[in-house]
Every structure is written in structure tokens, then in C-alpha cells.
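K.L.:
sequence first, then the predicted structure, then my questions.
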Amino acid sequence: MSAATRPNVTAAVLALWLVLLCALGTGDAGAQRSGGTIRVLASWTGSEEDAFRQVLDAFTAEHHIRVEYQGTTALREVLLSEVRSGTPPDIAVLPSSGELTAYAANGYLAELGPVVPEGEYTPLWTPRLTENGPVYGIAVKADLKGIVWYDGTRHRPRDLPALAADGRQWCVGMGDGATSGWPGTDWIEDILLRQQGKQVYERWATGELAWDDPRVARAWRTWGELFSGAAAKAALGTDFRAAGKQLFAKRPPCALEHQGSFIRGSYPGPHRARFGFSSDVLGPPRPPGGPGGAHEVSGDFAALFKNTGHTEQARELLRYLAGVEGQRTWAEHTPPGSARPFSANSEVPVSVQRDDRIAQSIARTLQSSSLCLDASDAMPPRMRLAFQRAVLTFLSYPDADKENRLGPLLGSLEKVHRSTEQGGDEHQPWPSTVCR
């Protein structure tokens, strides 16, 4: 390069840098005018992520607040790492109220206050540390549990009790990585609720009833009698995502699946899937001293982390996600053929489920007056993980040993129960209530 041309090149480089600096400056100013960028962490991936991003885009278009979304199947591990490093997301959507209240008890979460739409959510869907304390989370998505799925083109409702009595007719999978065993906890919770009713169920879920109480032991024993031998072995070796797909095989090896409403979206034949309440399929034992009939439910709870720098913008997003407009938008942007999300907001009409009668029935049940949260979801995380592991251990026992080994197994769970009440480096509180 000659000396004559060098000044022109230098001028061109300087001009390019000026353009880039101006562009960066405009971007920063635009971000400030738009309210900055907030970060959301949740477990939704695939088609669920696509639908949720559409909701976030609609929010950005209306409120001029940018949202960066991260979906991960390792939500618990990712969030814990970020919190410990001092870089939590603005909002995290947790699949259990127990994890949420643990973060709140250790001072990581901001109170939500006016974010909760007045009169649209019952206390069941707005976790607190104490019954009348401040709200630290809100269910932006809900699911119904205590139900049994089957192929409606092959079986009629009246056939289900006979099928249910045969353990070989159940499609069961306990596998789910680090949280394997949770489908079994769902079974035991559902059986306890049916056998003993809301009062006993709630005492157990809130830590007032011992794990080795005879009523709790009866629920385990009932479950163990249903899944024995080859059925138990098959359940231990099957991932929960694969279990129910067998319902729709050309020659299905099983006919029933005990699973939450969310599972329908993963079935290869969702239009053929029908459900019955477990109380109808498994028989309706009436609890002593009180009526049964409560439905078990679960939720995805959004929480706001402190000191992220975008608290007010994040509150605005939570207000939108929890409100009727955001919930309706979420349903409407779900891709055709995928299951639309269910809402815990009592003002969201059943009609958002379009002409899907099965989904409408689930939505109406979620607005029922008698609901109980999934007990293990509401328990302290340490207790929930011990419960999940105990389920796997119990299934692995030889049939002849189950009865003799159940007592010591429940005794070990009771020790974990007592240890959670003694506290530790990180407080993990028990819920004050799980039913309404």
C-alpha cells in the first residue's frame, strides 16, 4: 500500500467505526425507551416453547419491553447455578410450588402484590410462606391429575374398572432422569386422597402427619398390590414419556395410563385419547368421617427474583401472563394439533379450548370448587426427592418382601420429614395449605 492511499483507507475505517458506534448508541437508547430487556427461564421447549414465545412477542409489541427466553429441561440445575452465582433470571417459571417457597424463604424472591389479578385466582394458585402472608408466585399454567387415559376407539368407560384391576393393563413409566419416580408419587398421592379424603391428605402434604402413619402406609400397600412382578420391573425400565404412547400402538400391550392432563399433547393419537377420573376407574372408596371427591392438580408457578435491575418491567410481564388477555393469547398461539395450555385463572373462558370437548372438560374441572395441589410438588424439595427415590426402591423389592420392607422404608422417609423441620443452611418450608 502506498503512502498516497493510506490516509483514504484510514478515513474509511474511522467512518465505519462511527457508523457502528452510532448504531450501538441507537440500540442502547432504544432499549432504554422500550423498558430494557428482561430474562425468563422456564422448562418449556419444542412446540410449548414456540407457543410461549408467541405470547412474549405479543407482550413486547404491546408494552415495548423486550424479553429474552431460555427453555431448558434441566431447569432446577440451571436456576440453582444462576442463583448461587448471583445472576438469576428476572422471572423463573417453576414446576412446583415447593421449590418456589424454598427460594422465597431464603430471601431470593420479590413479593408480587398487585401483580395478581383481583378475584381471578384462588389462594391455591398463589403460593405464600404463611396462609395470610404476601404472595411470592402465581400459576401461569395448570394441569389436572388423578385421571386415567385410554384409547376411546378401543375401550368404553364401563370397561375401565375391569381393565384397571389387572396390573398388566397399565402403561407405566417411572423414568425421568434425576427426578425419576415422580409418576409413582402421583399414584400414591391420588390413592391417599381417594382413601382418606382432603383433611388427611392435607395434613400429610403440609407435614402434620407422619409418613409411617397407618393411613399413609395403606396407600403405599394398595399401590404395591397393583404393580407387582413383571409390571413393576417394566415400570422401572420405562421412561414416562414413552409409557402412554403404547396405548395407541397397532397391538397395544396395555390399555390405561395414570397421568396428568399435560401428557395428552405427546400422544401419537391425541384425538383418540379419552380420560376418566381415577375415582371412577379404580373405585371410589369413601374416606372415614368425611366426603371425598377432591381433584388433584398441579401448576407452573412464575416467580420474580430480587435485584435484577428490571423489577418493574418483570412485574408488568407477570401481570400480562397471569391476566385473561395473556392466557387467551397463549392458547390461541398454540400450534394446530398441539394441546392448548390450561389456565388457573377463573375468568379465562372454557371456549379458549376451541371445540375440543376433552380439553373443555379438563378446563371446567380445574375451575372446580374442590381441588388439592400435588402433595409432593408442594413439599420441601429435599422431601420430594426422597419420596421419588423411595418409590423406585419400593418397586424394586421382590413381591414377597414388599410388606416387610415397607415399614422401614416409610420410617426412613419420616426421618427426612423431621430433618426438614429442623432447618439447615437453606430453609425449606412446608406449605401452610394445599387444598381448597
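P.N.:
Great, that's in hand.

K.L.:
residue 407 against residue 214, yeah?
P.N.:
No: taking CB atoms under 8 Å as the definition, residue 407 is not a contact partner of residue 214, at 10.4 Å. Backbone N, C-alpha and C define where each C-beta goes, glycine included.

K.L.:
more neighbours: which of those two?
P.N.:
residue 407 (11 against 8; other CB atoms under 10 Å).

K.L.:
which helices and strands sit right next to the one helix or strand residue 216 maps to?
P.N.:
Residue 216 belongs to helix 214-226 when elements are defined using DSSP states H and E. With contacts taken as 3 or more CB pairs under 8 Å, 6 or more residues apart in numbering; DSSP states H and E, helix 214-226 sits against helix 182-205, helix 381-396, helix 399-421.

K.L.:
any idea of the mean pLDDT for it?
P.N.:
When pLDDT is averaged over helix 214-226, the result is 96.

K.L.:
just the pLDDT for the residue nearest to the spatial centre of the chain.
P.N.:
In the chain, the centroid-proximal residue (CA atoms, centre = their mean) is residue 95; its distance is 3.3 Å. Looking at residue 95, its pLDDT reads 93.

K.L.:
same thing with residue 347?
P.N.:
97.

K.L.:
could we number from 641 for the rest of this?
P.N.:
Shifting the count to begin at 641 puts that one at residue 987.

K.L.:
contacting residues for it?
P.N.:
Taking CB atoms under 8 Å, 6 or more residues apart in numbering, we find residue 987 in contact with 757, 759, 760, 964.

K.L.:
what is the most widely separated pair among those residues?
P.N.:
Farthest apart among the contacts of residue 987 by CB to CB are 759 and 964. That separation is 11.6 Å.

K.L.:
which parts of this protein belong to which domain?
P.N.:
The chain is divided into the following domains under automatic domain parsing: 676-783+937-1004, 784-935+1013-1061.

K.L.:
give me the below-cutoff pLDDT ranges for the chain.
P.N.:
Along the chain, the parts satisfying pLDDT under 70 run over 641-675, 924-932, 1063-1066.

K.L.:
select the longest strand from it.
P.N.:
strand 935-944 (DSSP state E).

K.L.:
tell me how far the next helix or strand after that strand is from the chain's mean position?
P.N.:
Using DSSP H and E, the helix or strand that follows strand 935-944 in sequence is helix 951-962. Its chain's C-alpha centre and that of helix 951-962 lie 20 Å apart, by CA atoms, centre = their mean, to the nearest Å.

K.L.:
which strands or helices does helix 951-962 pack on?
P.N.:
strand 677-682, helix 686-703, strand 731-734, strand 778-784, strand 935-944, helix 964-972.

K.L.:
and residue 881, which of these is closest to it?
P.N.:
Ranking the helices and strands packed on helix 951-962 by proximity to residue 881 (CB to CB) places helix 686-703 first, at 11.7 Å.

K.L.:
tilt between that closest one and helix 951-962?
P.N.:
If you take axes from the mean of the first three to the mean of the last three CA atoms, to 10 degrees, helix 686-703 sits at 120 degrees to helix 951-962.

K.L.:
convert the C-alpha atoms of helix 686-703 to PDB, please.
P.N.:
Extracted as PDB, the C-alpha positions of helix 686-703 are listed here (Å, rounded to 0.1, in the frame of the first residue of the first chain):
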ATOM      1  CA  GLY A 686     -40.200 -27.600  21.400                       C
ATOM      2  CA  SER A 687     -43.800 -26.700  20.500                       C
ATOM      3  CA  GLU A 688     -44.500 -25.400  24.000                       C
ATOM      4  CA  GLU A 689     -41.600 -23.000  23.700                       C
ATOM      5  CA  ASP A 690     -42.900 -21.900  20.300                       C
ATOM      6  CA  ALA A 691     -46.300 -21.000  21.700                       C
ATOM      7  CA  PHE A 692     -44.800 -19.300  24.700                       C
ATOM      8  CA  ARG A 693     -42.500 -17.200  22.600                       C
ATOM      9  CA  GLN A 694     -45.600 -16.000  20.600                       C
ATOM     10  CA  VAL A 695     -47.100 -14.800  23.900                       C
ATOM     11  CA  LEU A 696     -43.800 -13.000  24.800                       C
ATOM     12  CA  ASP A 697     -43.700 -11.400  21.300                       C
ATOM     13  CA  ALA A 698     -47.300 -10.100  21.800                       C
ATOM     14  CA  PHE A 699     -46.300  -8.600  25.100                       C
ATOM     15  CA  THR A 700     -43.300  -6.900  23.600                       C
ATOM     16  CA  ALA A 701     -45.400  -5.400  20.800                       C
ATOM     17  CA  GLU A 702     -47.900  -4.000  23.300                       C
ATOM     18  CA  HIS A 703     -45.700  -2.900  26.200                       C
END
